[in-house]
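**Student:** Sequence plus predicted model, see below.
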Amino acid sequence: MSKINKSLTPKGGDLTGFTLIETVVVVIILVVVTAVIITAYSNFLAGSRMNDAVENSVATFQKARNLTLSSKDDTSGSGKIYGVHIDDKNALSPNRVVFFVPSGVSYAYSASDSNNVVYQMPSGVEIALLLTAGTNPPVSSKELYFKRITGEAQLWDPGQNKLVAATSFLMTLYSLKLNTYKSISILSTGALQIL
């Protein structure tokens, strides 16, 4: 008589190993867990980029205001004004905030000035909106200045050929990945708020 090896039979032995169904279930679980982790990390990274953009933009505005208030590098005694230029998503060099030292009596911004300090928005973040308010007549400006001694917000009015007080200046940032907005509001006093 021949002896039957039970480990080779489908129903009779103590087979070892994984079945095809068990292997497929484990692979599916690994794919789902990996997808959840990648999505969470991607959202975390997008949120971090948005926060960096807001913090660096606020720091640029504060730097211009603080240096104007302190009249840094003023050799004439009449006070030195610093400004911030904003290129929104539709500009030739889009999505950047530029700290600059205005030149001449027109307080003009020069893109080619080597003293400009440029902050480029991180990928996935764009400057969606710029609003100015409180000038009569209304002035559309991509430059913001701060008044010497008081630090009040000002805009260049080409019609009057001078700096005029601004009631408010609003810059809105948009995260493409998160589909969220954050705004930086500069009040007439020069104080900043993150909305």
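**Tutor:** Received the coordinates, thanks.
**Student:** thought Y174 was touching V125?
**Tutor:** Yes. At 7.1 Å, Y174 counts as touching V125 under the criterion of Cβ atoms under 8 Å. The C-beta positions use only the backbone N, C-alpha and C, and glycine is treated the same way.
**Student:** and the two? which has more neighbours close in?
**Tutor:** Taking other Cβ atoms under 10 Å, Y174 and V125 do not tie; V125 has more neighbours (25 against 21).
**Student:** Could I get the contacting residues of the more buried one?
**Tutor:** V125 is in contact with R49, M50, A53, N95, L173, Y174, S175, L176, counting by Cβ atoms under 8 Å, 6 or more residues apart in numbering.
**Student:** who wins for most neighbours among the residues you listed?
**Tutor:** Most surrounded of the contacts of V125: other Cβ under 10 Å gives A53, at 25 neighbours.
**Student:** Can you tell me the element that residue falls in?
**Tutor:** helix 20-70 (DSSP states H and E).
**Student:** What of Y181?
**Tutor:** strand 180-187.
**Student:** Which strands and helices lie in contact with that strand?
**Tutor:** Identification of packing neighbours for strand 180-187 by 3 or more Cβ pairs under 8 Å, 6 or more residues apart in numbering; DSSP states H and E yields helix 20-70, strand 168-175, strand 192-194.
**Student:** Need the winner for burial among those.
**Tutor:** Among these, strand 168-175 has the highest mean neighbour count (mean count of other Cβ atoms under 10 Å), at a mean of 20.
**Student:** which residues are in contact with that one?
**Tutor:** Residues contacting strand 168-175 (Cβ under 8 Å, 6+ apart): 46-47, 49-50, 53-54, 57, 86, 97, 121, 124-134, 144, 153, 155, 180-188.
**Student:** what about L176, distance to M121?
**Tutor:** 11 Å (Cβ to Cβ, to the nearest Å).
**Student:** Any chance you could list residues touching both of these two?
**Tutor:** By Cβ under 8 Å, 6+ apart, no residue touches both L176 and M121.
**Student:** So which residue is dead centre in this protein?
**Tutor:** A53 (2.5 Å; Cα atoms, centre = their mean).
**Student:** Could you check how far that residue is from A91?
**Tutor:** 16 Å.
**Student:** just L155 next, same as before
**Tutor:** 17 Å.
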